[in-house]
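Chemist: Okay, structure incoming, though there's no sequence with it:
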C-alpha cells in the first residue's frame, strides 16, 4: 500500500526521479538507465534541466541530490563522449551546458544538499560543490575528487572556482593538479564536505541540515588572503615551480593552464568561470587530452577483459609458492586486496622477510587498524604448502629452474581443487615446456607480474598453445579481483613488455659504450616522457636480471648483447642493490656525475636510436601476434612500463609520427649501425595490423 | 566431584596444533593471546579437508584475556575465517581452562549437539595488565568530579607516591583469594606434608629440562607450529628450555615464595609463558563425512574439588576418580601427563597415589593406587621446562599425551592437572590405532 502511494508521488524522468516527502523536501535521485553507475551524459543534463524546471515551479522546503546506484553518486562526466568532440565550439557548448546547469542549482532559493556515497568524481563533485551542503556516507568506498587533469583537462563545470572558494587555493590546487581522490574522512578534514555520517543516518542528517539552514562554510583567513592579486602571483609562481618539477608543460599543459587561470582570473568568480570554459576548450583540442582520453579507454578495455561478469570464477584463496621478492610481494598484494593467501617456501626463514615487507605494505596502505589486522590475518605463512588443497589460484614464483619447477608441479597438480587456476610467474621458461609436464596441460597459464607489484598495475596473462580458454578467462578475472589490469599475451620469450623494453635498454648500453654519458641518455628518455631513464631503470631492475632476460631473448630473437654488461657483472656491479651499477648509489639514490658527451651524437639522435629500436620491436610483436591488437600493445606498454601516457602508447605514437617516415629512419640507421635496426618485415603492411 | 552418565556417542580427536611456548621476559611478549591462538589454529585448519566455516563451535579456555579480548574465542574464530555463523565461547577454570574447553567440546559432541569442534586454550601471561591501585582510581575520579580550578588544585595536592604503586594482575591471579596463599605457598605446604626435599625438587626440574631438550632434538615436539611476528622473525620452538640445566645450578637459586625457609624456587616451578594449544574434535559421522584420520578418542573426563591450600594434589584426586569410574588400575595406564605447576606438586601427587594411608583416607580406596614409573610420566618435559601458560596447558597435555600414545603405539593415557582454588581435572584418552 504505502509503497504504491510513494510511487504515485514520484516524478519520473528517464535518468532521474524526484520524490517529495511529508515535510516538503524534494529528493532528486540520479538513476541512469541501463547502467550500474551515474555519468553526466547529455541525456542526464536534459533530465536535470527538466527536473530543475519542475522544482522551481513548485519550490520544495529543500532539495537533496542523491544516487540510486550502489556504486556511488556520480562517477563524472561522460568520457566516452569526449572522444566524439572535434571542435572548440563543441567543447564550449558542453561546458556552458554544465556550467549553467550547476549555476541554476547554486542559485536555487531553497537549501540544497548532496548526499554522497561511493564515487563522487569530476562532474559529480562539481555538482555537489554547487549545493549548499555535502554529506558523505561513512564507509570505505567513498572516492571524492577532481581527476580531470589525468585526462589532460581541468574541471570545467565551475569546479575550479567553487572548490577554491570553498577550501582555499592552497588545499584546492594540489587536489586538482594531482587529480587524486579523497576518502570520506580526508574529504571532511579538508573541508570539501560538511559531514560524514553512517549510512543509517544519512537521510536524517540531510533533513536536519535543511531545517537548520546552517551557515555556509567559507575558506578561512588564509584562503581570503591568498586571493589578493599580488599574493596570487606569488603563490602561482611557487605552485608552478612545484608542478614543473613533476611534469613538463609541453607534454602536460593542463596543470599549468589551471594555475594560469587562477592567477589571472581568480579574483572574480564570474570572470573565472568564463575563463574556465575558454581554457578547457583549448586543452581539449591539445593532442595530450585526446591521447589521455584514449589511455583512459585502454584502461577500461583491460578492466573489461577481466570483468567479473565474464566468468563465474570467484577466487578467494591464493597459494603462492616462492617467497622471494616477486612471490612475497604478489602474496602481500593479494592479501591486501582481500584474498586469503598462503605463502610457501622451503623453510620458514625464507618466508620471514616476505612477511616483514607485507606488514610494511599493510601499514602504508591501510590506516584503519582493524583492516590492517584483517590483512595480516589473511596472509598465512605456509612452509608446508598446506594451502594448495584450498586454493582457487596457485601462483608459482620459485627460481627459474626447469627441474625444480617440474618436480614442484608433479607434487601440487594432484592436490589442486578441480577448478583451480595454476599459474606461473616465470619469465624465462616457455609455458609449453612446463605445461607438458602436467596431467592436464590446459590448466597452466602464466601470470606475469611486474616489480614492484604494489606499483605496477599490469599483469600479463600468458597463454600457451595448450592453455584452456576458461583457465585464461579465470586468470583475467582473478587479475581484476586483485585490482590489477590483465593483458592477455602469447607465450613467447619476454612476452610483450620485457621484450619491447629490452632492445631499448640494450641500445642505451650501446650508447653508453660509445661514450654518451648515462645522465644524457636518461635525460633524453625523460624528455621523451618515460617515467625513468633506461640506465637508471636497468640499475633498478638489477643488471644480473637484465642479463638473464637479455640472454633468453638474444638466444631466441638474435639480439646482440652489449659487452659492457658482461664486464659490469664481472665486477660485481649489479645496480641499486649492490650500491653500484652504471651509477653509484647512496641510500638507493644515484649520485649524479655529470659526464661530458664524448660522442658526436646529438641528444635527438640518442633519443631516436633508443625509441626506434623500441618501435621496431613493437611491430615485430604485432606481427607475431604476441597480443591480438595494437590497442592492447599500447595498453601493455603504458600500464606495464609507464610509457609516456601523453603519447597514447608506442603504436599510437608511431602512427602520429608516420609509419613510412619511421621505416625510412630505421633503414638509415641500419646502414649506419647494422642490422639491429633492420625494419621488421611487418612495416611494409603495418596498416593491416592496426 | 562431577559424575557422568555413560556417553552416548564416541568422540574423536582428529588433529591438534600448538604455538611454541614463549617465556615471559619481564615485558609484554610479541604476541597477544588472540594472535597466538589464531596463528597456531591457521595451519591446523589448512590441514583439514574442510573450511573453518564448517566447524560447529569454537571453544577456547583462557584465564586472563586482555581487556580487548572479551570472549576471546569469538575473536579468534572470526579472525580465523569461521564466518558469522559459527558460535564461539570462552571457558575459565583457572589452570584447567584448556582442558575444560576440550571437555566441553567432548560433551557437546557426545550428546549429539555438535559434530566438529575446535577447542583449545591460550594464555599470554606476559601481557597480564598492570593496574592502578584503588587509591589512584579514587583520586582520578575525584579529579574528574572537581568542577572548579581551586577544587581541582585541592584534589591534585592530595596526590601521594603511594598512589603510583601499581597492582600487578598476574600476582593477584596466582594468589588464592579465599585462603590468601600464593600458588607457590600451596606448593611449600605440599613439600612439607609429603616430606619432599629441595634436592628431589631440583632433580625433577633438571630432568624436565633434559627431557624437553631431548624431545625437541628427536622431533617428538613436531606438534609446534611456526609463528611469525610482524617483522618476519620466526618462533618455532619453546624458548624456556635450558638443555644444560642441572641440579647443582638449580640448588643455587633462592626460594621465592617462603623466602626465608622455603624450598620452592623459580627453577623448580613452572615458567610464566605465552602460548596456545588446540585440538580438533569430531563425531563418528564427521570423521566419516570428511574422511578424517583420528589420533584417538576421549573416553572420559573428571573434575574434583579439594582444599585450596593443597590445590597441587588435584591430579591425585581427579585421576583416582577417573580410574574408579572407568574401572582401571594403574598398570593399565601406559602414559601420564601431570601438568608441572611445581616440581614438588608433581612429586606430592606421585607420593599421595602410592601412599596407602592417603588413598584410604582421602580417596576412599581400600589400597594405594600405586607408583607411576618415571618413564611413563611427563616423558617429554612439562611446565617447568616448557612453561605453563595457564589457560593453554590443559589442552597441550591432552594433545601431547595423544601424540605420545601414537608414537609409542600404546593404548591408554591420563592427562591431569592441578587447578588454583583447589580443584583437579583428569582426562582419559585412548589411542584407536593400536
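Modeler: Arrived safely, thanks for sending. Small disclaimer: the values here were computed from a predicted structure and weren't measured. Residues are numbered from 1 along each chain as shown, chains lettered A, B, ... in the order given.
Chemist: Return, as residue ranges, the portions of the chain with sub-threshold pLDDT.
Modeler: With no chain named, the answer covers chain A. A:1-8, A:214-224, A:594-595 (pLDDT under 70).
Chemist: Correction: the question concerned chain B.
Modeler: B:1-7.
Chemist: so residue A:95 is in which element?
Modeler: Per DSSP states H and E: residue A:95 is located in helix A:88-107.
Chemist: Buried ones in that helix, by neighbour count?
Modeler: A:91-92, A:94-95, A:97-99, A:101-102, A:104-105 (16 or more other C-beta atoms under 10 Å in any protein chain shown). C-betas here are computed from N, CA, C, even on glycine.
Chemist: nearest to chain B, of those?
Modeler: The closest of the buried residues of helix A:88-107 to chain B turns out to be residue A:105 (C-beta to the nearest C-beta; 42.6 Å).
Chemist: Apart from its neighbours in sequence, what residue is nearest the closest one?
Modeler: Excluding the flanking residues, the one nearest residue A:105 by C-beta to C-beta, 6 or more residues apart in numbering or on different chains is residue A:130, at 4.4 Å.
Chemist: Same check on residue B:213?
Modeler: residue B:243 (3.6 Å).
Chemist: Check residue A:654 too.
Modeler: That would be residue A:615: by C-beta to C-beta, 6+ apart, it lies 5.1 Å from residue A:654.
Chemist: Might one say that that neighbour is in contact with residue A:663?
Modeler: No. The criterion here is C-beta atoms under 8 Å, and residue A:615 misses it with residue A:663 at 9.8 Å.
Chemist: These two: which has the busier surroundings?
Modeler: residue A:615 (27 against 20; other C-beta atoms under 10 Å in any protein chain shown).
Chemist: contacting residues for the more buried one?
Modeler: By C-beta atoms under 8 Å, 6 or more residues apart in numbering or on different chains, residue A:615 lies in contact with A:650, A:653-654, A:662.
Chemist: same thing but 7 Å
Modeler: A:650, A:654, A:662 (C-beta atoms under 7 Å, 6 or more residues apart in numbering or on different chains).
Chemist: Give me the neighbour count for the second one.
Modeler: If you count neighbours by other C-beta under 10 Å, residue A:654 ends up with 25.
Chemist: Could you check how far it is from chain B?
Modeler: If you measure residue A:654 against chain B using C-beta to the nearest C-beta, to the nearest Å, the figure is 46 Å.
Chemist: And what about the nearest residue to residue A:97 once chain neighbours are set aside, helix, strand or coil?
Modeler: The shortest distance from residue A:97 to any non-neighbouring residue, by C-beta to C-beta, 6+ apart, is to residue A:45 (5.5 Å). What DSSP: H, G, I helix; E, B strand; the rest coil gives for residue A:45 is helix.
Chemist: elements contacting the helix holding residue A:95?
Modeler: Counting contacts by 3 or more C-beta pairs under 7 Å, 6 or more residues apart in numbering or on different chains; DSSP states H and E, helix A:88-107 is packed against helix A:42-57, helix A:123-129, helix A:269-285.
Chemist: Mean neighbour count and distance to residue B:282 added to those helices, as TSV?
Modeler: Formatted as TSV, those follow (neighbours: other C-beta atoms under 10 Å in any protein chain shown; distance: least, C-beta to C-beta, whole Å):
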stretch	mean neighbour count	distance to residue B:282
helix A:42-57	16	59
helix A:123-129	28	54
helix A:269-285	19	68
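Chemist: Put together CSV for those, with distance to residue A:64 on each row.
Modeler: Shown next, in CSV, are the helices and strands packed on helix A:88-107 (distance: least, C-beta to C-beta, whole Å):
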stretch, distance to residue A:64
helix A:42-57, 11
helix A:123-129, 11
helix A:269-285, 25
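Chemist: wait, which of those helices is closest to residue B:208?
Modeler: Residue B:208 sits nearest to helix A:123-129 of all these, at 68.3 Å, using C-beta to C-beta.
Chemist: for that closest one, packing partners?
Modeler: Using 3+ C-beta pairs under 7 Å, 6+ apart, helix A:123-129 sits against strand A:72-74, helix A:88-107, strand A:112-116, helix A:159-167.
Chemist: What ranges does the stretch 151-300 of chain B have for its helices?
Modeler: Under the criterion DSSP state H, counting those that start in this stretch, helices of the stretch 151-300 of chain B are mapped to B:169-173, B:183-193, B:198-218, B:247-251, B:284-289.
Chemist: what's in contact with the longest one?
Modeler: What it means is helix B:198-218. B:221, B:237-238, B:241-243, B:245-247, B:250-251, B:263, B:267-268, B:340, B:343-344, B:346-347, B:378-382, B:384-386.
Chemist: at 6 Å instead, please
Modeler: B:221, B:241-243, B:245-247, B:250-251, B:263, B:267-268, B:343-344, B:380-382, B:384-386 (C-beta atoms under 6 Å, 6 or more residues apart in numbering or on different chains).
Chemist: angle of the helix holding residue A:95 against strand A:112-116?
Modeler: Compare the direction of helix A:88-107 with that of strand A:112-116 by axes from the mean of the first three to the mean of the last three C-alpha atoms, to 10 degrees and you get 110 degrees.
Chemist: Run through the strands of the stretch 351-500 of chain A in chain order.
Modeler: A:379-381, A:393-396, A:421-424, A:444-449, A:458-463, A:485-490 (DSSP state E, counting those that start in this stretch).
Chemist: Counting neighbours, what do you get for the residue nearest to residue B:213?
Modeler: Residue B:243: 12 neighbours (other C-beta under 10 Å).
Chemist: Check residue B:234 too.
Modeler: 18.
Chemist: show me what contacts the residue nearest to it when sequence neighbours are not counted?
Modeler: In space, and not counting its chain neighbours, residue B:234 is closest to residue A:348: 4.7 Å by C-beta to C-beta, 6+ apart. When contacts are counted by C-beta under 6 Å, 6+ apart, residue A:348 touches A:383, B:226, B:234.
Chemist: Please repeat the previous calculation with a cut-off of 8 Å.
Modeler: A:381, A:383, B:226, B:228, B:234, B:236.
Chemist: likewise residue B:344?
Modeler: So residue B:344 contacts B:187-188, B:190-191, B:194, B:196, B:200-201, B:263-264, B:268, B:312 (C-beta under 8 Å, 6+ apart).
Chemist: what number of residues lie near the closest residue to chain A within the stretch 251-400 of chain B?
Modeler: Distance from chain A to each residue of the stretch 251-400 of chain B (C-beta to the nearest C-beta) is smallest for residue B:290, at 12.4 Å. Using other C-beta under 10 Å, residue B:290 is surrounded by 16 other residues.
Chemist: What are the buried residues along the host helix or strand of residue A:613?
Modeler: Taking DSSP H and E as the criterion, the element that holds residue A:613 is helix A:603-624. Of the residues in helix A:603-624, A:606-623 count as buried by neighbour count, 16+ other C-beta under 10 Å.
Chemist: and that helix, how far from the chain's centre?
Modeler: 24 Å (C-alpha atoms, centre = their mean, to the nearest Å).
Chemist: Hey, what's the angle from that helix to strand A:485-490? Just curious.
Modeler: 70 degrees.
Chemist: tilt between the following helix or strand past helix A:603-624 and strand A:485-490?
Modeler: Sequence-wise, the next helix or strand downstream of helix A:603-624 (DSSP H and E) is helix A:630-641. Helix A:630-641 and strand A:485-490 meet at an angle of 120 degrees, taking the same axes, to 10 degrees as the criterion.
Chemist: Which SSE is immediately downstream of helix A:630-641?
Modeler: helix A:650-657.
Chemist: Next, the buried residues of that following helix.
Modeler: A:650-655.
Chemist: Pick out the residue in the stretch 201-350 of chain B sitting closest to chain A.
Modeler: Closest to chain A within the stretch 201-350 of chain B is residue B:232: 3.3 Å, counting by C-beta to the nearest C-beta.
Chemist: For that residue, list the residues it contacts.
Modeler: Taking C-beta under 8 Å, 6+ apart as the test, what residue B:232 contacts is A:351-357, A:359.
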